[in-house]
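Participant: 3D, please:
(one chain, ligands or ions: 1)
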Amino acid sequence: MARYEQVQGTVALITLTNPPVNALSAAVRLGITETVTRALRDPEVKSMVICGENGVFCGGADIREFAKPMSGPPLVPMIAAIEEGEKPVVAAIEGAAFGGGLELALGCHYRIAHSKARVGLPEVTLGLLPAAGGTQRLPRLIGLAPALDLITTGRHVTAQEALKLGIVDQVTDQSALDLAIQFAQQVVGQPLLPRKLSTRQTPCPPDVDGLLEETMAQVKQRARGAMAPIACVQAVRAAATLPYQAGMQKEQELMATLFHSSQARAMQYCFFAQRAVGRWSLSSGAHSGNSKPRPVSKVAVIGLGTMGRGITVALVKAGMSVLAVETNKKQLEIGKQMVSAMLKHDAQKRNATPRLDLLHFTIDLLELKNTDLIIEAVFEDMALKKQVFKELSSVCKADAFLCTNTSGLDVDELAAVTKRPELVVGMHFFAPAHVMKLLEVVHGSRSSPEAVATAMHLGKRLGKVSVLVGNCAGFVGNRMLKPYLEQANFLLEEGATPELVDGALEEFGFPMGVFKMSDLSGLDVGWRIRKEAGLTGPNVDPRDPPRRRQGRRYSPLPDLVCEQGRLGQKNGRGWYLYDKPGGRVATPDPSIHKFLEEYRIKHGISPRQIDRQEVVERCLFALINEGFRSLDDGIAAGPEDIDMIYVFGYGWPRHRGGPMFYAGMVGLPRVLTRLEHYRQAHPEVPHLEPSPLLRRLVASGSPPINKWRDFLQRPHSQL
Ligand SMILES: CC/C=C\C/C=C/C(=O)SCCNC(=O)CCNC(=O)[C@H](O)C(C)(C)COP(=O)(O)OP(=O)(O)OC[C@H]1O[C@@H](n2cnc3c(N)ncnc32)[C@H](O)[C@@H]1OP(=O)(O)O
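Facilitator: This is a model prediction of the structure:
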């Protein structure tokens, strides 16, 4: 797992060989320990170079080993032996040096990087801290403030930034390995002590306490309940305030509290789940391994509303040529201005040139005739979308893919109006589409594996986490959101305020609660959908009592709020008050409280005290319950798919792993018992009826999440 060679007569070359990313498994650590010892003992060897096979230095500790009992040599003494040795060691960094990989490089005396390499300490994103000396050596190398930034965010930096920060000594466009070998020969005989980072003092600003306090306050706010970023600040503080060995001790103590935590397990689960969702499969036997995406070079976007603009920007940022289509010149001009401004703004932030040359605008559908893939992003209205699909089907070339950016309409119904239903798939982007990482790719009953593969691949090119889902109202994400929103409204009826509900959900870790989120999205969006569904407005069955629709409990509260002209952030009034139309700062509104009180009096509801536990349980367990139903229906392939949809699309806190992982952490029997309890208290709410899958899992002894697929029935799988 570590190859040993002697090159140029006097240089020991140690190559990590653990594909694909040379993770520091027990065997690799043993290999490094043995080869370093050999090189230190060999009188012919004057210096060493450490590199990684296949153009990757090292992806860090082997994350899969974290769940197993520790074996093999630990990292800390292994790295200490490199640093303490009296022969210079040069790290030749190609590809990536992340986590333990960068910590290994920091134990070397010099670092040479290829210009395309990236380095970073992403442990915080796995619920951990860089506990192989990273929190002590990096601040000593680059100073307190930049080290705090890198360690608490886990962000990766380019070789150029690493050079500026002082993490690496040289960057080359040629072979980093060749340069490192040359370098290793040149530095023989030079004093080594100053190169040993553990012997240095951490460069600090005059007001160390001020910087640490300010950082801690910012980190706590950003962390939303995650423990690791806070532990990272505490560990880096030790680098500024304690001698090296005491700092290392502190680093180990803090790591011990994180290592077996449920947060670390949740975040490591997310790491693998994110990669697993890319490996899709269909019941037909087609899967990502046997279905090739078709190359796509020309893409068109139909409709330059909020979604269409975001999608266009995402495509251009990925280097793709885009034809943007609107219905008339006026709309086209508005769209053009906005897309160009968004691209310029984005490029400015990255100090880059906006790729406006990749953009083309038209109102003429005939210009689509050479396009490979079309993403329709018109208003969410089935009749309109059908009309667009009919036209696309006749003007586009016969093998062009037709994709719809719908958030929940029936993809099969759209496919049916075309002459090529096998080339139709859903691509559900999330707003803002150029920022949000999630893409739900919707498999219609006639979508071909090639169409699925092409949409999934395109999502990847756009830097999205693409998740394949089946075709049903709301797909996976919005289908599960429905019972969540419903419970939040019922809680208001029963005595809660928007602030109480949102506070509980934000304390759980969501960036914003359900009512703030609704204000941000615009309250009229759901209102229109409810009108179309006959839940409010003129099509309501006149025999329905005010708080019942279609045979079940219904809360008209959101409709009544809209009827008052409160549409959310866009007009400055929704569930909250905003300083101005479009304002972002939500203030509780006494007139909403009064409205809720009057509503309860009118409907004879005695308000009761509602605590935060009830808010979290009712909203989240109802959502989770729908997740189990989606799994059983074959709309979601596995719990990982649901979890990634919620983490990347709906702000579910990563340190809680996603709704299905969270259910496992809480304990399936508890989720079942609480749902049964709430169902008994609210018999008119069918969403609270525990799903058959949840019952089967509990009856089978609540197996771990990776075994849930064995319990699915899926009589009507959509995948
Ligand atoms: C006791 C601990 C003491 C000290 C603290 C040290 C802690 C650590 O080092 S924790 C690990 C920190 N490192 C990371 O977080 C980096 C993780 N990896 C990546 O970011 C990326 O994989 C990459 C940039 C290195 C490569 O990206 P890419 O080329 O896109 O490949 P993939 O991400 O798809 O990965 C390929 C394949 O490798 C698996 N993998 C990647 N890194 C690790 C790892 N560190 N340990 C175990 N496995 C790893 C990844 O899961 C993929 O496999 P699967 O598709 O089967 O999941």
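
Participant: Is residue 112 within a helix or a strand, and which one?
Facilitator: strand 110-114 (DSSP states H and E).

Participant: For the helix or strand harbouring residue 383, buried residues please.
Facilitator: Residue 383 is located in helix 382-395, with elements delineated by DSSP H and E. For helix 382-395, the neighbour count (16 or more other C-beta atoms under 10 Å) marks 385-386, 388-389, 392-393, 395 as buried. From N, CA and C alone the C-beta is placed, and that goes for glycine too.

Participant: moving C-terminal of it, what's the next helix or strand?
Facilitator: With DSSP H and E, the next secondary element past helix 382-395 is strand 401-404.

Participant: how far out from the middle of the chain is that following strand?
Facilitator: The chain centre lies 25 Å from the centre of strand 401-404; the measure is C-alpha atoms, centre = their mean, to the nearest Å.

Participant: Partner strands of it and their direction?
Facilitator: Here strand 401-404 is paired, per DSSP bridges, with strand 373-376 (parallel), strand 424-429 (parallel).

Participant: which is the next helix or strand following the last one?
Facilitator: The reference is to strand 424-429. strand 438-443.

Participant: Give me the helices and strands touching that next one, please.
Facilitator: strand 424-429, helix 449-461, strand 465-470, helix 639-649 (3 or more C-beta pairs under 8 Å, 6 or more residues apart in numbering; DSSP states H and E).

Participant: how about 10 Å then?
Facilitator: On a contact count with 3 or more C-beta pairs under 10 Å, 6 or more residues apart in numbering; DSSP states H and E, strand 438-443 meets strand 401-404, helix 411-415, strand 424-429, helix 449-461, strand 465-470, helix 477-494, helix 639-649.

Participant: Just tell me which of these ends up closest to the ligand.
Facilitator: The closest of the helices and strands packed on strand 438-443 to the ligand is helix 449-461. By C-beta to the nearest ligand atom, the value is 9.9 Å.

Participant: do that closest one and the ligand meet?
Facilitator: No. Under the criterion of C-beta under 6 Å from any ligand atom, helix 449-461 makes no contact with the ligand; the nearest approach is 9.9 Å.

Participant: now stretch 137-144
Facilitator: No. Applying C-beta under 6 Å from any ligand atom, one finds stretch 137-144 separated from the ligand by no less than 12.4 Å.

Participant: how about the residues of the stretch 151-300 of the chain near the ligand?
Facilitator: 272, 275.

Participant: Only the C-alpha atoms, please, for the helix holding residue 383, written as PDB.
Facilitator: Output in PDB follows, covering the C-alpha atoms of helix 382-395 (Å, rounded to 0.1, in the frame of the first residue of the first chain):
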ATOM      1  CA  MET A 382     -50.400  21.600 -17.300                       C
ATOM      2  CA  ALA A 383     -52.400  23.100 -20.300                       C
ATOM      3  CA  LEU A 384     -49.600  25.500 -21.100                       C
ATOM      4  CA  LYS A 385     -46.900  22.900 -20.700                       C
ATOM      5  CA  LYS A 386     -48.800  20.500 -22.900                       C
ATOM      6  CA  GLN A 387     -49.100  23.100 -25.600                       C
ATOM      7  CA  VAL A 388     -45.300  23.800 -25.400                       C
ATOM      8  CA  PHE A 389     -44.500  20.100 -25.600                       C
ATOM      9  CA  LYS A 390     -46.700  19.600 -28.600                       C
ATOM     10  CA  GLU A 391     -44.800  22.400 -30.400                       C
ATOM     11  CA  LEU A 392     -41.400  21.100 -29.300                       C
ATOM     12  CA  SER A 393     -42.300  17.700 -30.500                       C
ATOM     13  CA  SER A 394     -42.900  18.900 -34.000                       C
ATOM     14  CA  VAL A 395     -40.100  21.500 -34.300                       C
END
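
Participant: So for that helix, mean pLDDT?
Facilitator: Helix 382-395 comes out with an average pLDDT of 95.

Participant: So which elements touch it?
Facilitator: strand 298-302, strand 373-376, strand 401-404, helix 411-415, strand 424-429.

Participant: Dump the ones you listed into a markdown table; add mean neighbour count and mean pLDDT as well.
Facilitator: Shown next, in a markdown table, are the helices and strands packed on helix 382-395 (neighbours: other C-beta atoms under 10 Å; pLDDT from 0 to 100):
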| stretch | mean neighbour count | mean pLDDT |
| --- | --- | --- |
| strand 298-302 | 24 | 97 |
| strand 373-376 | 24 | 98 |
| strand 401-404 | 26 | 98 |
| helix 411-415 | 22 | 96 |
| strand 424-429 | 27 | 98 |
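
Participant: can you redo the ones you listed as CSV with distance to residue 614?
Facilitator: Output for the helices and strands packed on helix 382-395, formatted as CSV (distance: least, C-beta to C-beta, whole Å):
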stretch, distance to residue 614
strand 298-302, 44
strand 373-376, 42
strand 401-404, 39
helix 411-415, 37
strand 424-429, 32
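
Participant: looking at the ones you listed, which is closest to residue 129?
Facilitator: strand 424-429 (34.6 Å; C-beta to C-beta).

Participant: pLDDT score for the residue in the stretch 151-300 of the chain that the ligand sits nearest to?
Facilitator: Closest approach between the stretch 151-300 of the chain and the ligand, counting by C-beta to the nearest ligand atom: residue 275, at 3.9 Å. With respect to pLDDT, residue 275 has a value of 97.

Participant: Packing partners of the one helix or strand it maps to?
Facilitator: Following DSSP H and E, one finds residue 275 within helix 262-276. Applying 3+ C-beta pairs under 10 Å, 6+ apart, we find helix 262-276 packed against helix 228-241, helix 244-259, strand 465-470, helix 639-649, helix 659-666.

Participant: tell me which residues in that helix are buried?
Facilitator: For helix 262-276, by 16+ other C-beta under 10 Å, it's 262-270, 273-274, 276.
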